[in-house]
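[1] Need the 3D shape of this:
(chains A and B)
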There are 2 protein chains.
Amino acid sequence: LEPVYPMPKISYVNGRFINHRDAFVHIEDRGYQFADGVYEVIAIHNGLVLDEEQHMERLARSLASLRIDAPVSDASLKLIIQELLRRNKCQEGAIYLQITRGVAKRNHEFPKNVRPSLVMTLSKTPERHSMNNRTVGTAISLPDIRWERCDIKSISLLPNILAKQQAVEGKHTDAILVNDEGYVTEGSATNVYMVDSKGTILTHPANHSILGGITRDSVLKVARRNGLKVEERRFTLKELQNAREMFITSTTKGVMPIGMLDGKKIADGKTGPVTTQLQSLYDDYVEQKFNEAVA
Amino acid sequence: LEPVYPMPKISYVNGRFINHRDAFVHIEDRGYQFADGVYEVIAIHNGLVLDEEQHMERLARSLASLRIDAPVSDASLKLIIQELLRRNKCQEGAIYLQITRGVAKRNHEFPKNVRPSLVMTLSKTPERHSMNNRTVGTAISLPDIRWERCDIKSISLLPNILAKQQAVEGKHTDAILVNDEGYVTEGSATNVYMVDSKGTILTHPANHSILGGITRDSVLKVARRNGLKVEERRFTLKELQNAREMFITSTTKGVMPIGMLDGKKIADGKTGPVTTQLQSLYDDYVEQKFNEAVA
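    Down below sits the predicted model:
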């Protein structure tokens, strides 16, 4: 019962490029038994690997947090990515890259002398036309029941998928997670922002409670560089409900406005001016990255 | 770099009994990418599957919590277990059983029309001589940083392995998890108990904060049946430090005394009378189960 692909997709598993339907890992891979691994999703635009350095840096941080050795050097990782794109003739889409602690007899403690597993595969993300999602999404708020190290981009994603599923069943774009103290942390797979009455963009600071997204970093950087006011501080669900604008960001969604939260409109429910400007700035940023790469 | 086994071990993967070294699952199995699955560890003693019904019931509850369909009936599951024991000539050890939502193109929301994956393998747990561990263990306390649905026996075990690893590096048996309010919840893969100054056995109630262990249920049942005082209520780390006795339980450890916590002795640091009695009662319970099964 594997998914059906329009053409034979090639994936990478522990040193080999193979037909995706033959891409298997051992049942005692610690990624399978313990969620003992990390991942990255990297956007491909015009054949360019977007923000590759930032993804490599975050990956290194995630691995270090869990004390998993990098299975290959960054240079090799980049070569593998290039070869994967070449073999799949991929111009637009996303790379899914996962590293786990490796295969070992099941025991909670870290095994000795194991080689970490490295898996890479591509997705087409056909829903995206540009780096940004121009449609206006809707969201629901849900309690943030995740563990206290959300800064590690681990595959321990069960609370995230349960939240996303609840959102999708209500035909919402995403679930907005609210912690025990009433503060908005992030979405199920996105970062969350509001624009307050003074026009300042607010988002949760990048501490242990959220995953500091690459797109988040880029969006905040271009916002500041262009004179928009940005404050990385926590805000409550109530503040968000009364926001002038609301949007989310992620590698696969870019900058996406949210017009409705828990069935109530955010302001007039349309894409606000700050969000529109950010979409344009982020588009330019991606375009510039691309031009630099091909120059 | 797979683990080496003394003889060709047979495992079960999605309908097939195969050589353990050939036991593989697809890289897009949601257990591998999202920790979207559940598991059970079931003790085998004298060829008997211990507390099989209770494990089946808990497995069904875990699956229901995540809305994963059972891939086979309970009756089939039991037959597969029997066949696995037979093919491996297993008399003592433990069964590891894992069910995930199945293989699907990576998307957070639940996929439609997928068949859940079922994997089973054996371990020998050679360290255990009887159902109980007669040695006295030591423990450290660590913050409980897990998610808020620890009652689901999910494979989302990253915080647990990090805690266990820290314990093992200090040469301790286990890590005792303490929540933000100062209450002891459970161990990294065990339930935790103390005996207070009145001789009452205390343990955290089975709510969302802990996994209600099968061994926990059995131990509390035999304790009550034999006139020991049991109270399922939360206790603080401070109460535990001043306990008359401390012990942990799990499928693979049985009833195991802990004589030292964070470098300080619990009482005189030896196995106390209540723990000794419980070990004996639990031994009898297991023996009786065995006799019923062969009768």
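[2] What strands line up against whichever strand or helix holds A:S11, and which way round?
    Assigned by DSSP states H and E, A:S11 belongs to strand A:10-13. Sheet pairing of strand A:10-13 (DSSP bridges) gives strand A:16-19 (antiparallel), strand A:117-123 (antiparallel).
[3] what's the first one in contact with?
    For strand A:16-19, contacts defined as C-beta atoms under 8 Å, 6 or more residues apart in numbering or on different chains pick out A:P8, A:K9, A:I10, A:S11, A:Y12, A:E83, A:L84, A:R87. Where C-beta positions appear, they are placed from N, C-alpha and C, glycine not excepted.
[4] Count the residues that sit near the closest residue to the first one other than its chain neighbours.
    Which is A:P8. Excluding the flanking residues, the one nearest A:P8 by C-beta to C-beta, 6 or more residues apart in numbering or on different chains is A:N19, at 5.5 Å. Residues lying near A:N19 (other C-beta atoms under 10 Å in any protein chain shown) number 11.
[5] List the contacts of A:V184.
    By C-beta under 8 Å, 6+ apart, A:V184 lies in contact with A:S141, A:I176, A:L177, A:V178, A:V192, A:M194, A:H204, A:R234, A:F235, A:T236, A:L237, A:L240.
[6] which residues does the second one form a beta bridge with?
    What that stands for is A:I176. Beta-bridge partners for A:I176, by DSSP bridges, are A:S141, A:G187.
[7] Now do the same for it: its pLDDT.
    Note on A:I176: pLDDT of 98.
[8] That one and chain B: what is the separation?
    Distance of A:I176 to chain B, computed by C-beta to the nearest C-beta, to the nearest Å: 14 Å.
[9] which residues touch that residue?
    Residues A:A139, A:I140, A:S141, A:L142, A:V184, A:E186, A:G187, A:V192, A:L237, A:L240, A:L261 are the ones in contact with A:I176 under the rule C-beta under 8 Å, 6+ apart.
[10] Kindly report the same for the fifth one.
    Taking C-beta under 8 Å, 6+ apart as the criterion, A:V192 is in contact with A:I176, A:V184, A:T185, A:E186, A:T203, A:H204, A:L240, A:M246, A:I248.
[11] now with 6 Å?
    By C-beta atoms under 6 Å, 6 or more residues apart in numbering or on different chains, the residues touching A:V192 are A:I176, A:V184, A:E186, A:I248.
[12] so what strands line up beside whichever strand or helix holds it?
    Element membership of A:V192 [criterion: DSSP H and E] is strand A:191-195. Strand A:191-195 has the following strand partners under DSSP bridges: strand A:201-203 (antiparallel), strand A:245-250 (antiparallel).
[13] The spatially closest residue to A:D217 that is not a sequence neighbour: what secondary structure?
    Among residues not flanking A:D217 along the chain, A:Q54 sits closest, at 6.6 Å (C-beta to C-beta, 6+ apart). Under DSSP: H, G, I helix; E, B strand; the rest coil, the three-state class of A:Q54 is helix.
[14] Neighbours of A:Q54, how many?
    16.
[15] Then A:D69?
    Neighbourhood size, A:D69 [other C-beta under 10 Å]: 12.
[16] Now do the same contact list for the residue nearest to it when sequence neighbours are not counted.
    Of all residues not flanking A:D69 in the chain, A:P116 sits nearest, at 5.8 Å (C-beta to C-beta, 6+ apart). By C-beta under 6 Å, 6+ apart, the residues touching A:P116 are A:I68, A:D69, A:P71, A:I99, A:R101, A:G102.
[17] so of those residues, which ones are in helices?
    Here DSSP state H is the test, and the contacts of A:P116 give no hits in helices at all.
[18] And the strands in the stretch 151-295 of chain A?
    With DSSP state E, counting those that start in this stretch, the ranges of strands along the stretch 151-295 of chain A come out as A:174-178, A:184-187, A:191-195, A:201-203, A:230-232, A:245-250, A:254-261, A:264-265.
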